[in-house]
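**Student:** sequence below, structure please.
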Amino acid sequence: MTQYFAYQQFKLWRAPLATRVLLTLFNTMMLIATLIGIVMYRVRTKLTVLGAQQWYLGNEMGAKPGDELLFARTLKEMLDVTHPHAFSQPFLFFILCHIFALTRVRDSLKITVYVASFSSVAIDLAVPYLIRFVSPSFAVLQIANYVMMSVAILVLFAVPTYEMWVYKEPAKG
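**Tutor:** Numbering: from 1, shown residues only. Now for the predicted structure:
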């Protein structure tokens, strides 16, 4: 991808077919992975504040007969999840943002999307610890952040895909 920054007039909509197919396949797989993540998070927490709190703090005190019994996450369990995510999420967003950098979007909006993307990663890595060890109230932040991260991925997918396959260069007049 970086070689395309060397071409002053490079535009996604003018990229070779093979490049557009490659980028679209990558973006599509990332979108599928995101959808799987949303489903997984929905199954775990029901996408609710209470569900997020119970996932990290457990529900053994208030579980009703037939409820899945959840125990408070240990620091070790949380680190086992955080460690690979601390490497993979920034890498994923770097690649998606790198592709997004090749779009016609103005720089101020690009920077906003970059900051939102990497902020959502930082929050995603930190908020489980905040819920578990500081206050259950941080579960609201986790739900809001999940929305922000999903929207960022959608933008990082949709804009380049639109430019590669739908956008037509205006006629030079």
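
**Student:** buried set for the helix or strand where Y56 lies?
**Tutor:** Counting by DSSP states H and E, the element that carries Y56 is helix 49-57. Neighbour-count burial for helix 49-57, counted by 16 or more other C-beta atoms under 10 Å, picks out 49, 51-57. C-beta here means a position set from N, CA and C on the backbone, and glycine is covered the same way.

**Student:** same check on stretch 108-120?
**Tutor:** Buried residues in stretch 108-120 (16+ other C-beta under 10 Å): 113-114, 116-118, 120.

**Student:** spatially nearest residue to the residue nearest the centre of the chain, not counting backbone neighbours?
**Tutor:** Nearest residue to the geometric centre of the chain (C-alpha atoms, centre = their mean): M149, 4.1 Å. Distances taken as C-beta to C-beta, 6 or more residues apart in numbering put S120 closest to M149, at 3.9 Å, once the chain neighbours are dropped.

**Student:** mind listing the helices for the chain?
**Tutor:** Shown for the chain, the helices assigned by DSSP state H span residues 17-45, 49-57, 75-100, 107-133, 139-165.

**Student:** other SSEs contacting the second one?
**Tutor:** To tie it back to what came earlier, the one meant is helix 49-57. Helix 49-57 sits against helix 17-45, helix 107-133, helix 139-165, with contacts defined as 3 or more C-beta pairs under 8 Å, 6 or more residues apart in numbering; DSSP states H and E.
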